[in-house]
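Trainee: would you be able to build a 3D model of this:
(2 chains)
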Number of protein chains: 2
Amino acid sequence: MNKNTVNIVEVCPRDGFQNLENFIPTSKKLEIIEGLIAAGFKKIQTTSFVHPKAVPQMRDAAEIAETVIPKYPEVTFTALVPNLHGAEAAYKAGIREISYVISASESHNRENVRRTIAESFEALADIRKRFADLIIKIDIATAFGCPFEGDVPVEKVCEMIDKAIEIGVDDIYLADTIGVANPAQMGNVLDVVAAKYPSVAFGLHLHDTRGMGLANVVVALQKGFDTFESAAGGLGGCPFAPGAAGNIATEDLVNMLEQMGYETGIALEQLLKTVDVIKADVKSDLTGHLANICRQ
Amino acid sequence: MNKNTVNIVEVCPRDGFQNLENFIPTSKKLEIIEGLIAAGFKKIQTTSFVHPKAVPQMRDAAEIAETVIPKYPEVTFTALVPNLHGAEAAYKAGIREISYVISASESHNRENVRRTIAESFEALADIRKRFADLIIKIDIATAFGCPFEGDVPVEKVCEMIDKAIEIGVDDIYLADTIGVANPAQMGNVLDVVAAKYPSVAFGLHLHDTRGMGLANVVVALQKGFDTFESAAGGLGGCPFAPGAAGNIATEDLVNMLEQMGYETGIALEQLLKTVDVIKADVKSDLTGHLANICRQ
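Mentor: Residues are numbered from 1 along each chain as shown, chains lettered A, B, ... in the order given. Sure, this is the predicted structure:
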């Protein structure tokens, strides 16, 4: 891989849509996913195989997966799963790469998935045993801070990484779930994990809740990290804070990276067309920055 | 000064309010300025001595200055002036520190102040000759990019700096007027000016139009720059792009810096009270991030 290449995994269709109350028609979701593919994304977190009563927005998970997977063999469509049952449903629908979230803070994990961290790891081990040919990514949520417990020690994050490696996950992402990481902390945590796990290519899942999202990206780049998840339009984030920014906005990230001389493989103008669709048909008050600039 | 101290100059009452169409009552402006003082700001860009027909919002400049200057002797109240006439009016109202803007790009300077760059420097020299006891700050606008001309070569910025030094200004700020600077460019430009002008303590005036504002601050800090202008609430910016972010939001900047371990001298909670006043009474759709988070 070129040293100046940065990998961007688009998560809007899952993380961005998940908290939206009104059901987005499946055809509209497919239009947006296809728009993202046209913009050049090679990996898209596409949906979530969760119980439809828990997250009605994701009730069309199988239909979405079964539509796009055969049609775009060059794209990796990933899905979030909360348990073995979800992994089985995802696998059945053709998904071969899953995301599985465990929080580094006990109280957030309980709030998020109603389990202890130990129980979450047990279920993850079950998925690993059941599916040898599934690429399993773990998201270590609240790795930089918890809304209930505050600071999360980096030692706790390392314990989570150790456990994930022991289970045999394929990818590890550190997630700033509530957008609380500051750039100094980001640098310190990444220094620790880079030194302790030199063979692990960590990804980062960052939020822009307090405006530090792209600043954290810059620090991560300086530390040699090159893989980021982001959501078109800046969707995602806390459903209880409507005006607050969610995930870092993919278009803002692409713009910054390309301006800095990195290659993302994403056509910004094409991406912005899809952001316009999201703004027009899904969520009018986008928090991404480029989405709100007058463009010609 | 402590190595970990960062200086923040609050510009909301001038740069933030200037483009707002509806006149903000003088009493409300004073309430906000006093709220900012209560939060700890020692330097506030308070108003602008421009022709009231050009900028009706600033028609109460003298009243504002004459009210706050005698009342808060520990605070430096600065004002923007466009010419000698404005400097005389500011001086008469008690202002002893002015900001004067010249763009590094000819077409933006003409659009902004209807003069050539050379004419702007001539007027600046007139102000310098007239007032020996006025601290004169120059803002080099569009130093990182121009909406009309695109890229602005750093050599052009250095020419501007040379001319400003020759005239005898006291402070030089580099302004990313349209929020187009990327962190790599920021680092490169700051490396050049730091090497070429080791005795000049440059300030930075950054905008968050494309979400790169705080990322640029982080790079500037890494390069040893420690003085920034910002606007409470993120006000300011282009009047033709209503949803677009303006200046970097002071509360976002303070939060990041304090979290990173820097001392700003600003009480964030107190500042947020004033941001709430701005949101309630001046502009409801603030683009600053902290302004949109549910707070307890």
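Trainee: chain B contacts on chain A?
Mentor: Within chain A, the positions adjacent to chain B are A:182-185, A:208-215, A:217-219, A:238, A:240-241, A:243-245, A:248-249, A:252, A:255-256, A:259-261, A:287-290, A:292-294 by C-beta under 8 Å from any C-beta of the partner chain. All C-beta spots, glycine's among them, are computed from the backbone N, C-alpha and C.
Trainee: again, only this time at 7 Å
Mentor: Contacts of chain A with chain B, taken as C-beta under 7 Å from any C-beta of the partner chain, map to A:182-184, A:208-212, A:214-215, A:218-219, A:240-241, A:243-245, A:249, A:252, A:255-256, A:259-261, A:289-290, A:292-294.
Trainee: what's in contact with stretch A:125-143?
Mentor: A:84, A:87, A:91, A:96-105, A:108, A:112, A:124, A:152, A:157, A:160, A:164, A:167-178, A:205 (C-beta atoms under 7 Å, 6 or more residues apart in numbering or on different chains).
Trainee: again, only using 6 Å
Mentor: Residues from elsewhere that reach stretch A:125-143 (C-beta atoms under 6 Å, 6 or more residues apart in numbering or on different chains): A:84, A:87, A:97-101, A:103-105, A:108, A:152, A:157, A:160, A:164, A:167-175, A:177, A:205.
Trainee: taking those one by one, which sit in strands?
Mentor: Here DSSP state E is the test, and these give A:Glu97, A:Ile98, A:Ser99, A:Tyr100, A:Val101, A:Ser103, A:Asp171, A:Ile172, A:Tyr173, A:Leu174, A:Ala175, A:His205 as lying in strands.
Trainee: where do the helices sit along chain A?
Mentor: Here chain A has its helices, by DSSP state H, at A:26-39, A:61-71, A:84-92, A:106-113, A:117-130, A:154-167, A:183-196, A:213-222, A:250-259, A:268-281.
Trainee: B:Lys29: which of these is closest?
Mentor: helix A:213-222 (31.3 Å; C-beta to C-beta).
Trainee: the closest one vs strand A:171-175, what angle?
Mentor: Inter-element angle recorded for helix A:213-222 and strand A:171-175: 140 degrees (by axes from the mean of the first three to the mean of the last three C-alpha atoms, to 10 degrees).
Trainee: alpha carbons of helix A:213-222, as PDB, please.
Mentor: Output of helix A:213-222 as PDB, limited to C-alpha atoms (Å, rounded to 0.1, in the frame of the first residue of the first chain):
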ATOM      1  CA  GLY A 213     -12.900  14.800  15.200                       C
ATOM      2  CA  LEU A 214     -10.600  15.900  12.400                       C
ATOM      3  CA  ALA A 215      -8.000  17.200  14.900                       C
ATOM      4  CA  ASN A 216      -7.900  13.600  16.300                       C
ATOM      5  CA  VAL A 217      -7.500  12.300  12.700                       C
ATOM      6  CA  VAL A 218      -4.500  14.500  12.100                       C
ATOM      7  CA  VAL A 219      -2.800  13.300  15.300                       C
ATOM      8  CA  ALA A 220      -3.600   9.700  14.400                       C
ATOM      9  CA  LEU A 221      -2.000  10.200  10.900                       C
ATOM     10  CA  GLN A 222       1.100  11.600  12.500                       C
END
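Trainee: can you state the direction angle for it and helix A:183-196?
Mentor: 30 degrees.
Trainee: what comes into contact with helix A:213-222?
Mentor: So helix A:213-222 is contacted by A:181, A:183, A:186-187, A:204, A:206, A:248, A:256, B:183, B:211-212, B:214-215, B:218 (C-beta under 6 Å, 6+ apart).
Trainee: which parts of stretch A:58-69 are buried?
Mentor: A:Met58, A:Arg59, A:Asp60, A:Ala61, A:Ala62, A:Ile64, A:Ala65, A:Thr67, A:Val68, A:Ile69 (16 or more other C-beta atoms under 10 Å in any protein chain shown).
Trainee: how much space separates the first one from A:Ala123?
Mentor: When distance is defined by C-beta to C-beta, to the nearest Å, A:Met58 is 18 Å away from A:Ala123.
Trainee: and if you look at the last one?
Mentor: Relative to A:Ala123, A:Ile69 is positioned 24 Å away (criterion: C-beta to C-beta).
Trainee: burial measure for A:Ser105, as a count.
Mentor: When counting by other C-beta atoms under 10 Å in any protein chain shown, one arrives at 24 neighbours for A:Ser105.
Trainee: ok, now which ones touch it?
Mentor: Applying C-beta under 6 Å, 6+ apart, the residues contacting A:Ser105 are A:Thr142, A:Cys146, A:Glu149, A:Val152.
Trainee: and for A:Gly233?
Mentor: A:Val275, A:Ile278, A:Leu286, A:Gly288, A:Ala291.
Trainee: for A:Ile44, state which of these is nearest.
Mentor: Distance to A:Ile44 across these (C-beta to C-beta) is lowest for A:Ile278, with 13.9 Å.
Trainee: got the contact list for that closest one?
Mentor: A:Gly233.
Trainee: in the helix or strand bottoming out on mean pLDDT in chain A, which residues are buried?
Mentor: Counting by mean pLDDT, DSSP states H and E, chain A has its least confident helix or strand at helix A:106-113, which shows a mean of 92. Neighbour-count burial for helix A:106-113, counted by 16+ other C-beta under 10 Å, picks out A:Glu106, A:His108, A:Asn109, A:Arg110, A:Asn112, A:Val113.
Trainee: and the second one, how close does it get to B:Leu290?
Mentor: Going from A:His108 to B:Leu290 by C-beta to C-beta gives 21 Å.
Trainee: repeat for the first one
Mentor: According to C-beta to C-beta, A:Glu106 stands 27 Å off from B:Leu290.
Trainee: pLDDT weak spots in the stretch 151-296 of chain A?
Mentor: A:238-243, A:295-296 (pLDDT under 70).
Trainee: can we see that at 80?
Mentor: Where the stretch 151-296 of chain A drops to pLDDT under 80, the residues are A:237-244, A:294-296.
Trainee: returning to what we had before: can you give me the angle the least confident helix or strand of chain A makes with strand A:97-103?
Mentor: Using the same axes, to 10 degrees: helix A:106-113 against strand A:97-103 is 140 degrees.
Trainee: which of the contacts of A:Ser105 tops the neighbour count?
Mentor: A:Thr142 (29 neighbours).
Trainee: taking the contacts of helix A:213-222, tell me the two that lie furthest apart.
Mentor: A:Gly187 and B:Gly211 (19.6 Å).
Trainee: pick out whichever of the two has more residues nearby.
Mentor: Legend: neighbour count by other C-beta under 10 Å for A:Gly187 and B:Gly211, higher for B:Gly211 (28 against 18).
Trainee: what about whatever residue of the stretch 1-150 of chain A ends up closest to chain B, how many neighbours?
Mentor: At 9.7 Å from chain B, A:Gly145 is the closest residue in the stretch 1-150 of chain A, using C-beta to the nearest C-beta. For A:Gly145, the neighbour count with other C-beta under 10 Å is 21.
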